[in-house]
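Q: requesting a structural model of the entry that follows:
(2 chains)
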Protein chains: 2
Amino acid sequence: MVSKNQIKLITSLQQKKFRKQYKLFFAEGVKVIQELIDANYELNDLFTTQNDFSNLLTGKTHAVTQTELKKISALTTPNTCLATFSIPENIKPDLKGLVLALDSVRDPGNLGTIIRLCDWFGIETLLCSEETVDVYNPKVIQATMGSISRVSVIYTNLENELKNAKIPVFGTFMDGKSIYNAPLPKEGVIVMGNEANGISSSIEKIVSERISIPRFGKVQLTESLNVATATAIILNEFKRPI
Amino acid sequence: MVSKNQIKLITSLQQKKFRKQYKLFFAEGVKVIQELIDANYELNDLFTTQNDFSNLLTGKTHAVTQTELKKISALTTPNTCLATFSIPENIKPDLKGLVLALDSVRDPGNLGTIIRLCDWFGIETLLCSEETVDVYNPKVIQATMGSISRVSVIYTNLENELKNAKIPVFGTFMDGKSIYNAPLPKEGVIVMGNEANGISSSIEKIVSERISIPRFGKVQLTESLNVATATAIILNEFKRPI
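A: Numbering: from 1, shown residues only, chains lettered A, B, ... in the order given. Presented below is the predicted three-dimensional model:
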């Protein structure tokens, strides 16, 4: 069963201000929920139409009907389960190895896809400017497909953070050096910019290495790549064996 | 002004069966519309709240109010203009150079992003299985950002088409040869599979070169990359200078 108050609480968590107020977020589907549990996210409540999580403390598990699940779900076609988790404390970033930084990425699907890329390429720290879409937005959580449990996503004042970085700061610009020729070391921060405006001017000033992804099309009209596909290409170039 | 019949026609074009019946599709926004016009797509009607296309024949241009535009738009926040175009005849593919083929890609955003990638990497032919999402779906058209005008998207019986291909057929599989070691020639068809199920078994039989994108994450739990980011990485590997 799910009470009226629980419905009210969970649907409110679709909004950032309530996630912040209650320090809670929710995830849907066995796979994503199980990966969050395995990664030691603190489970608050689990609502399920099936007996998928029999190993959990019964006090936290609530059997619900498909109709009840639909009332709390953010999905058009709800899964079989939904769980609320505590939002972990923001930790202080440790800038070493390869770090990815997002300067105001706004689309939840892009952030989710980028987190999957970090997981794939072994990038453990993802810095996000405060204007970047909230990682606990249900659309981001679902788009990560569980990868969120293996990547440390840290919101920070990106300008202050990067100013003090002891490692090189890479940024993608039209006039940058080709990623096929530029030295791409094992240590550095790679900044990816906003979908429409790219890297902001305050961050551009801190970038020490300007790089670019060369175009191959005959007609040079393609304005830009989607930020997630550009991130895929750049991470691949940094990580691939030479 | 936009008539009741025009509203009915245009909103019906959000569905594939009506696009097929009327042989029409629509696009929104100055940039996308202008690129389609420049690429010689046959313009049917243009509805605009501004005077953006003064160079067009007046018979095809209709001044509309923002309220009227909202009635025909597929966007939550309508742009300033919407145009209907004739769907070009499906042409016979010419399999030479590098060709991308999609085996049942279902998400409109993924297809749109992949068309932008083809444009970026100079891939001129994109084969789509008949189960692949329709390229004239308004969500695909908007996601291409105009790149649709520079990539030839051809729907075909992929199995028959690839069976007779005179060039190697590449497919991505977990047990494939690493893209960092496999020979990646200048000529070949690269098949990308469905979001959930990958490449279908009938197409797998035709694949002559099995390749894979190596994972770098410590924990080997990341199930897969999004099909658009995987396409980005693979096209980059085929096209980058060695």
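
Q: next one: A:Lys235 from chain B, what distance?
A: Quick fix: residue A:235 reads Leu, not Lys. 9 Å (Cβ to the nearest Cβ, to the nearest Å). For glycine as for every other residue, the C-beta is placed from the backbone atoms N, C-alpha and C.

Q: tell me how many other residues crowd that residue.
A: 24 (other Cβ atoms under 10 Å in any protein chain shown).

Q: repeat for the one 3 residues further on
A: A:Phe238: 19 surrounding residues under other Cβ under 10 Å.

Q: got it, and A:Asp134?
A: By the criterion of other Cβ under 10 Å, A:Asp134 has 20 neighbours.

Q: need the residues of chain A near chain B, please.
A: Contact residues (Cβ under 8 Å from any Cβ of the partner chain) of chain A with chain B: A:35, A:109, A:113, A:116-117, A:119-122, A:145-147, A:150, A:180, A:215-219, A:221-223, A:225-226, A:228-233, A:236-237, A:239-241.

Q: filter those residues down to the buried ones, ChimeraX style.
A: Buried residues among the residues of chain A next to chain B (16 or more other Cβ atoms under 10 Å in any protein chain shown), as a ChimeraX selection:
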select /A:35,109,113,116,117,119,120,121,122,145,146,147,150,180,215,216,217,222,225,226,228,229,230,231,232,233,236,237,239,240
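
Q: from the residues of chain A next to chain B, which ones fall inside helices?
A: Within the residues of chain A next to chain B, residues falling in helices by DSSP state H are A:35, A:109, A:113, A:116-117, A:119-121, A:228-233, A:236-237, A:239.

Q: now A:Asn137, nearest residue through space, not along the chain?
A: A:Pro108 (5.1 Å; Cβ to Cβ, 6 or more residues apart in numbering or on different chains).

Q: could you do A:Leu75 as well?
A: A:Glu28 (6.0 Å).

Q: one more: A:Tyr155?
A: In space, A:Tyr155 is closest to A:Cys128, 5.0 Å off (Cβ to Cβ, 6+ apart).

Q: quick check: longest strand of chain A.
A: When chain A is parsed with DSSP state E, its longest strand is strand A:169-178.

Q: what segments of chain A are helices?
A: For chain A, the helices defined by DSSP H cover A:4-12, A:16-22, A:30-38, A:66-72, A:108-121, A:138-144, A:158-163, A:201-204, A:227-239.

Q: most packed of those helices?
A: helix A:108-121 (a mean of 25; mean count of other Cβ atoms under 10 Å in any protein chain shown).

Q: next, the angle from that one to helix B:108-121.
A: 70 degrees (axes from the mean of the first three to the mean of the last three Cα atoms, to 10 degrees).

Q: near A:Gly200, how many other residues are there?
A: No, residue A:200 isn't Gly; it's Ser. Look at A:Ser200: counted by other Cβ under 10 Å, it has 17 neighbours.

Q: I misspoke; the intended subject was A:Thr80.
A: A:Thr80, neighbours per other Cβ under 10 Å, totals 17.

Q: domain parsing for chain A?
A: A:4-86, A:98-239 (automatic domain parsing).

Q: any chance of those in CSV with mean pLDDT and distance to B:Gly193 as columns?
A: Converted to CSV, these look like this (pLDDT from 0 to 100; distance: least, Cβ to Cβ, whole Å):
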stretch, mean pLDDT, distance to B:Gly193
domain A:4-86, 90, 19
domain A:98-239, 93, 16
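
Q: okay, the ones you listed in a markdown table with distance to B:Asn157 next?
A: Below are those laid out as a markdown table (distance: least, Cβ to Cβ, whole Å):
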| stretch | distance to B:Asn157 |
| --- | --- |
| domain A:4-86 | 30 |
| domain A:98-239 | 28 |
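
Q: quick one, which of these is nearest to B:Gln15?
A: For the domains of chain A, the distance to B:Gln15 is smallest for domain A:4-86, at 17.6 Å, taking Cβ to Cβ.

Q: contact partners for the residue nearest to A:Tyr155?
A: Counting by Cβ atoms under 8 Å, 6 or more residues apart in numbering or on different chains, A:Cys128 touches A:101-102, A:105, A:111, A:135, A:153-156, A:158.

Q: which among these gets closest to chain B?
A: A:Leu111 (12.4 Å; Cβ to the nearest Cβ).

Q: so that closest one touches A:Glu131, yeah?
A: No. A:Leu111 lies out of contact with A:Glu131 (Cβ atoms under 8 Å); the separation is 12.0 Å.

Q: can you list residues touching both of those two?
A: If you check A:Leu111 and A:Glu131 against Cβ under 8 Å, 6+ apart, no residue is contacted by both.

Q: packing partners of the longest strand of chain A?
A: strand A:188-192, helix A:201-204, strand A:209-212 (3 or more Cβ pairs under 8 Å, 6 or more residues apart in numbering or on different chains; DSSP states H and E).

Q: try it again at 7 Å.
A: strand A:188-192, strand A:209-212 (3 or more Cβ pairs under 7 Å, 6 or more residues apart in numbering or on different chains; DSSP states H and E).
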